[in-house]
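Chemist: what's the 3D shape of this:
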Amino acid sequence: MPSGQGKTGKGQKPLKSELPAPAVRDFRRSLDDALSQTDEAGQVWANAQWGVYAFYDYDGEPIYVGQTNEQLRVRVRRHLTNQRTDAVAMRILDVFEVAEIELWPLWDLEGTKNADKTARRRLDSVEYSVYVQAIERSRFGAILNEKIPPVSARAPLPDSIRVDLIGSEARQERGHADTRIARRAETLARLAAVAHERGEVSPGLRRVIVVQAVRLAYLAATRLAFVDGRPEPDASAIDVEALVGSLLSEVSDPTGPTDTDPMLLIDEDLGL
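Modeler: Numbering: from 1, shown residues only. Modelled structure (predicted):
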């Protein structure tokens, strides 16, 4: 039987769930398990309508922070199953680079209408607080957000859950340094191609190109040091802020839109 062909009979249409490659099916099963985790009260963390989420790579390095008021489960799955129609977003974030997710549900906002300004301000505040925390914990002082969240007063963070999406076998295979270098280089090339083909892209996207290049350079340098039998290089050897400017606010639009704003969602739906 040819590789990738299901066990359906000749001429029988396969189930959609049978179409993805085994590695993709395994990842999606792990994602489903992660999004089904419950807290001490029996609430499913990912079922919260309002909340903030973060993605981490194989080193535990934070790579992306986002917010939602349409349900954490829905938003995270859009990112990690390539169901978002925004082609730029899919090129910024490599799904196979995401090894862990963390969720901060805002249960106190449950049932609140999306247009509620007070709720939106609270969501923005928590997102910005998580974003700054990620910047502080990143060895590079930078993550892959195209749009820096609107500057807000830092807020106490609600309880969160952090879940591993990668089993030991997949981590050994996809987490190998050479595999990661190759994928990261491909992601960077695709992202640069977006900037080239579209021409008029946001400064944030061009900032992400630099950050991704820094991440690639450091990973490659770490691999070289390992091969040479030398200690890992110090990530502080690369001054990201000196290369891209402040990562705590947008230069031209410090209180600009987030990925839940209506106009940006329209852009996604149109594939703009």
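
Chemist: element containing residue 189?
Modeler: Using DSSP states H and E, residue 189 falls within helix 177-198.

Chemist: residues near the residue nearest to residue 231 when sequence neighbours are not counted, how many?
Modeler: Computed as C-beta to C-beta, 6 or more residues apart in numbering, the closest residue to residue 231 that is not its neighbour in sequence is residue 225, at 6.5 Å. For the C-beta atoms, the positions are set from N, CA and C on the backbone; glycine is no exception. Per other C-beta atoms under 10 Å, the neighbour tally for residue 225 reads 13.

Chemist: How about residue 137?
Modeler: Around residue 137 there are 14 residues (other C-beta under 10 Å).

Chemist: need the contact list for the nearest residue to it once chain neighbours are set aside.
Modeler: Nearest non-adjacent residue to residue 137, counting by C-beta to C-beta, 6+ apart: residue 62, 5.9 Å away. Applying C-beta atoms under 8 Å, 6 or more residues apart in numbering to residue 62 gives the contacts 54, 55, 56, 134, 137, 138, 143.

Chemist: Determine which two of those are furthest apart.
Modeler: 55 and 137 (13.1 Å; C-beta to C-beta).

Chemist: May I have the residues that are in contact with residue 190?
Modeler: residue 91.

Chemist: what's the pLDDT at it?
Modeler: Per-residue pLDDT puts residue 190 at 94.

Chemist: Please shift the residue numbers so they start at 635 in all later answers.
Modeler: Sure, I'll start counting at 635 from here, so that last one is residue 824.

Chemist: Quick check: the gap between residue 856 and residue 704.
Modeler: Distance, residue 856 to residue 704, by C-beta to C-beta, to the nearest Å: 38 Å.

Chemist: Residue 748 now?
Modeler: Counting by C-beta to C-beta, the gap from residue 748 to residue 704 is 8 Å.

Chemist: same question, residue 756
Modeler: From residue 756 to residue 704 the distance is 16 Å (C-beta to C-beta).

Chemist: ditto for residue 852
Modeler: Residue 852 is 35 Å from residue 704, by C-beta to C-beta.

Chemist: now swap in residue 850 and tell me
Modeler: Counting by C-beta to C-beta, the gap from residue 850 to residue 704 is 33 Å.

Chemist: between these two, which one's more packed in?
Modeler: Per other C-beta under 10 Å, whichever of residue 850 and residue 704 has more neighbours is residue 850, with 17 against 13.

Chemist: Does the more buried one lie in a helix or a strand, and which?
Modeler: Going by DSSP H and E, residue 850 is part of helix 837-862.

Chemist: swap in residue 689?
Modeler: Residue 689 belongs to strand 685-690, assigned by DSSP H and E.

Chemist: would you list every one of the strands in this protein?
Modeler: Under the criterion DSSP state E, the chain contains strands at 685-690, 696-702, 734-739, 795-798.

Chemist: Quick one: closest of these to residue 807.
Modeler: Nearest of these (C-beta to C-beta): strand 795-798, 15.2 Å.

Chemist: who's in contact with that closest one?
Modeler: Residues contacting strand 795-798 (C-beta under 8 Å, 6+ apart): 664, 667, 668, 671, 673, 679, 690, 733, 734, 735, 736, 737.
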